[in-house]
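Engineer: coords please:
(one chain, ligands or ions: 1)
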Amino acid sequence: MAINTRNEPNELAGIEKLLSVIRASEKRYDIEKIERAYLYARSLHEGQYRVSGEPYISHPVAVAEIVTSLGLDTDSICAAFLHDTVEDCPDKTSIDILKNRFGEDVAMLVDGLTKMKAINVEDKEEANIENIRKMLLAMSKDIRVIFIKLCDRLHNMRTLDAKPEPKRRATALETMYVYAPLAHRLGMQRIKQELENLALSYLDPIGYAEVSDYIETKYGQNQNFIENTRAYVAEKLEEYGIHFTLEGRVKTVYSIYRKMFRQNKSFDEIYDFYAIRIIVDTELECYTALGVIHELFKSIPGRFKDYISTPKPNMYQSLHTTVIGRDGIPFEVQIRTREMHQVAEYGIAAHWKYKSGASSKEEIDQKLAWISKLIDTESGAIDTEDFMHALKIDIFSDETFVFTPKGDVIALPVNSTLIDFAYAIHSEVGNKMVGAKINGMIAPIDRVPQTGDIVEVLTSSASKGPSRDWLKIVKTSEARAKIRQWFKKEKRPENIKIGQDEIKRVLSRYRIPPTDSQVEEIVAAAAKKLGMADVDDLYNAVGYNGSAMTKVSSKLTQEYERVVKPEDNPITDVAEIETGTIKKRKSSGGIIVDGADGCEVKFAKCCNPLPGDEIIGFVTKGYGISIHKRDCPNAIAGQAKPEQADRWLHAEWDNDEYPTGGKPLYEVGLQIYAENDIRLLSNVTTALADMKVTLIGINTKKRTESDIIIQLTVGCKNIDHYNSILSRLRSIPHVENIERGIS
Ligand code: MN
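Structural biologist: Reported below is the predicted structural model:
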């Protein structure tokens, strides 16, 4: 089908250019469908104009163009054309019509994009803005929705100067707080940077101009610096026979603005103002190129980062180092492969660009699942800011986002009820709750709201307060605590009665039930030991369920034994009778520790024990049992201290814990002492890759002019595995010595 654009000559250029790009592409697009989507959108937007005076259709066309440049698929391009047709057109269409004409996927994408328009960040606090970002991710059940939304926002920002001032500011704010961070989390650097720069130019035009001027002056002064450095580096890389692309750049206005104004740095303190980027074919060449750079220039200590072995949570991979250039000017060097570069520039969307055809969606889901895996095993190698951001990526997470009638967004754990929602707003709202509405319809208060629902809590001052049954219905500990709080305060006489009955019931279960006066003595002593002012406080606590019964009953047992002295009866623990557990050596995390039940076990960072090592446990204050190697200097020193005597426990590996062989990896640190050699780092990483060893962290330190220390953190199965890694690393040329543990 040929598109007749003769009626609107000024839109011809945009759409024809886009269609010719699509036709020329190697990807399998459904061109007929794309053209139909365009024509339908054009007919619906007929007679509509943007504030700038252009026909409205120019906006969806521009968005579709950006969507195409990201490498998204046919349905995404169609949705881009149609994204404003459901709400903003004079002759509105509906999601159902779109479903009939363009299929489920296009309709679902447009629906997701339409729902996002309800979100408004003005006058919101930071916590709520974070909820909005998360909600956007949660609402777009298909991640393509977010991608298209970012393209839509980018075009709106590019054309923002046509809008009146208050609208400009609101849109720029929303972009800075919501959309740029989202682009960052999805690893879409190019879009993120453009959004930030555009937003800044509206939010602080003076600061923006100041920094742009600085950059111009600075860049003007050293105009040839980047070019000269590039030429010099290129010459050397060629000598090594590396196939590479070199880019030079100056930092973006926004990133410099942020450093100067937020971190209060002067222009001279910005080390990475200049940067060059080396893009090579293979991972191995990355390390070789790094060696070349460190040979040519003096590096600034503490600024080498290996994001290849330890990618950032948004999948970013690269080597970073900062070196001093020829005129004493510091500059940053980033080294990565072509594929890593695509991911860095376009984020997750880059994978679409590379893989055409089916299964791309599953692939992205997998990639995101991989992100969440990375976060689980996070080991400190990822910088905190990114780690925190990554934690909040919640496409898969277990939260529901619900609007208040005012448009605030409340985040609740999945399956939370309307009662939880009421208590999340305020305890008074919960305590006076008599009913609720979801999207304007009355709903039972134990109903579970869905993301995107607008919930209104109906309250009455005549309410008699929460019901005890609510404790069984609510999902959040916050709501439960607030309900208990209310009972503690409002229902003391009633609680005391319930508590008395409960404690009597427990005590009557002993083989020799205590007499009434013994009960009094036992309860009074237990109350005192539990830090209660009197017995009524204890009864009250048990009655409103504020104290765990297991804690109370173990104290009761102790006092029972003291008061009743049941000579012939072996000691019976009430908690044991109630739960039916048998006391035994407890195992956790593949470890058996004597005399410690149900404790968390963690591995001491000082010696990183591995299965096969002789080990010992130390009872920490509040952090469970810490496992050390028996010959760990800290363990030896600790056991010598009399005050720690009863805190050191026998521990051993539980060989039955992973009978099917699915053993976990244990982190272990290594220090390689070596003579510095250009191939050393790549030899080490290649050896690890050959052995399929999981590299968790890598760091280098200069010891003398010619000697360096490479600190590695790797994943090990057990001591044998460790020894095999060790002997392989020892065989690498220039390696002199390897120590276990990182100092
Ligand atoms: Mn739009």
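Engineer: Enumerate the residues of this structure near the ion.
Structural biologist: Taking CB under 5 Å from the ion as the measure of proximity, the chain contacts the ion at 84, 152. All C-beta atoms are positioned from the backbone trio N, CA, C, and that covers glycine.
Engineer: do that again at 8 Å, thanks
Structural biologist: Applying CB under 8 Å from the ion, we find that the chain lies next to the ion at 59-60, 63, 83-84, 88, 152, 155-156.
Engineer: Of all pairs in the residues you listed, which one is the farthest apart?
Structural biologist: Farthest pair in the residues of the chain next to the ion (CB to CB) is D88 and H155. Separation: 14.3 Å.
Engineer: With neighbour numbers in mind, choose between the two.
Structural biologist: Neighbour count, other CB atoms under 10 Å: between D88 and H155, H155 has more, with 19 against 15.
Engineer: Can you give me the pLDDT of that one?
Structural biologist: We have a pLDDT of 96 for H155.
Engineer: wait, it sits on A62?
Structural biologist: Yes. Using CB atoms under 8 Å, H155 is in contact with A62, at 4.7 Å.
Engineer: Let me see the domain layout of the chain.
Structural biologist: When the chain is parsed with automatic domain parsing, its domains come out as 13-203, 207-352, 397-488, 491-579, 591-653, 666-740.
Engineer: just these: most buried one?
Structural biologist: domain 13-203 (a mean of 19; mean count of other CB atoms under 10 Å).
Engineer: what about that domain, distance to the chain center?
Structural biologist: Distance of domain 13-203 from the chain centroid (CA atoms, centre = their mean, to the nearest Å) equals 25 Å.
Engineer: same thing with stretch 325-335?
Structural biologist: Put simply, stretch 325-335 sits 32 Å off its chain's centre (CA atoms, centre = their mean).
Engineer: for stretch 693-712, same thing?
Structural biologist: Taking mean C-alpha positions (CA atoms, centre = their mean), stretch 693-712 and its chain are 28 Å apart.
Engineer: what's the pLDDT at K583?
Structural biologist: With respect to pLDDT, K583 has a value of 30.
Engineer: surely K265 meets K259?
Structural biologist: Yes. Using CB under 8 Å, K265 makes contact with K259 at a distance of 5.0 Å.
Engineer: Excluding covalently adjacent residues, which one is nearest to the closest residue to the ion within the stretch 1-150 of the chain?
Structural biologist: Of all residues in the stretch 1-150 of the chain, D84 sits closest to the ion, at 4.7 Å by CB to the ion. Spatial nearest neighbour of D84, excluding adjacent residues (CB to CB, 6 or more residues apart in numbering): P60 at 6.2 Å.
Engineer: Name the SS class of the one you found, please.
Structural biologist: What DSSP: H, G, I helix; E, B strand; the rest coil gives for P60 is helix.
Engineer: what's it in contact with, if anything?
Structural biologist: 41, 45, 80-84 (CB atoms under 8 Å, 6 or more residues apart in numbering).
Engineer: In the stretch 501-650 of the chain, where is pLDDT below threshold?
Structural biologist: Applying pLDDT under 70 to the stretch 501-650 of the chain flags the ranges 546-550, 566-589, 595-599, 621-623.
Engineer: what's downstream of the helix or strand containing T288, the next helix or strand?
Structural biologist: Per DSSP states H and E: T288 is located in helix 283-296. Moving toward the C-terminus from helix 283-296, the next helix or strand (DSSP H and E) is strand 298-299.
Engineer: Name every strand pairing with that next one and say which way it goes.
Structural biologist: Take DSSP bridges as the rule and strand 298-299 pairs in its sheet with strand 319-324 (antiparallel).
Engineer: For the partner strand, give the mean pLDDT please.
Structural biologist: The pLDDT scores in strand 319-324 average 91.
Engineer: Now do it against helix 283-296, angle only.
Structural biologist: 10 degrees (axes from the mean of the first three to the mean of the last three CA atoms, to 10 degrees).
Engineer: Give me the contact list for strand 319-324.
Structural biologist: With CB under 8 Å, 6+ apart as the criterion, strand 319-324 contacts 271-272, 286-287, 290, 293-294, 296-300, 303-308, 330-336.
Engineer: Report pLDDT for T337.
Structural biologist: Reported pLDDT for T337: 93.
Engineer: Tell me the secondary structure of V67, please.
Structural biologist: Following three-state DSSP, we place V67 in the helix state.
Engineer: secondary structure element for A674?
Structural biologist: strand 666-675.
Engineer: Quick check: neighbours of that strand in the sheet, parallel or antiparallel?
Structural biologist: When DSSP bridges is applied, strand 666-675 pairs with strand 707-716 (antiparallel), strand 735-740 (antiparallel).
Engineer: Mean pLDDT for those - can I get that in TSV?
Structural biologist: Converted to TSV, the strands paired with strand 666-675 look like this (pLDDT from 0 to 100):
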stretch	mean pLDDT
strand 707-716	86
strand 735-740	88
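Engineer: got these as a markdown table, with distance to E675 columns?
Structural biologist: Putting the strands paired with strand 666-675 into a markdown table (distance: least, CB to CB, whole Å) gives the following:
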| stretch | distance to E675 |
| --- | --- |
| strand 707-716 | 6 |
| strand 735-740 | 7 |
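Engineer: Take the residues of the chain next to the ion and keep only those in helices.
Structural biologist: In helices, judged by DSSP state H, the following of the residues of the chain next to the ion are found: 59-60, 63, 152, 155-156.
Engineer: Out of those, flag the one nearest to I696.
Structural biologist: The closest of those to I696 turns out to be D152 (CB to CB; 39.3 Å).
Engineer: so what's the nearest residue to that closest one once chain neighbours are set aside up against?
Structural biologist: Nearest residue to D152, sequence neighbours excluded (CB to CB, 6+ apart): V63, at 5.0 Å. Applying CB under 8 Å, 6+ apart to V63 gives the contacts 80-81, 83, 148, 151-152, 155.
Engineer: So which of those residues sits lowest on pLDDT?
Structural biologist: Ranked by pLDDT, these bottom out at I148 (90).
Engineer: thought that one was touching F81?
Structural biologist: No. Judged on CB under 8 Å, I148 makes no contact with F81 at a distance of 10.4 Å.
Engineer: what does the average pLDDT come to for stretch 262-270?
Structural biologist: Taken as a whole, stretch 262-270 has a mean pLDDT of 72.
Engineer: Quick check: L72 is in a helix.
Structural biologist: No. Counting by three-state DSSP, L72 is not found in a helix; it is coil.
Engineer: from memory it sits against I146, does it?
Structural biologist: No. Taking contacts as CB under 8 Å, L72 lies outside contact range of I146: 11.2 Å.
Engineer: which residues touch the strand or helix carrying E196?
Structural biologist: E196 belongs to helix 189-203 when assigned by DSSP H and E. Here helix 189-203 makes contact (CB under 8 Å, 6+ apart) with 150-151, 153-154, 157-158, 160, 168-169, 171-173, 175-176, 179-180, 183-184, 207-208, 252-255, 257, 344-347.
Engineer: Show me where the stretch 101-250 of the chain has its strands.
Structural biologist: In the stretch 101-250 of the chain, the segments counted as strands under DSSP state E, counting those that start in this stretch are 244-250.
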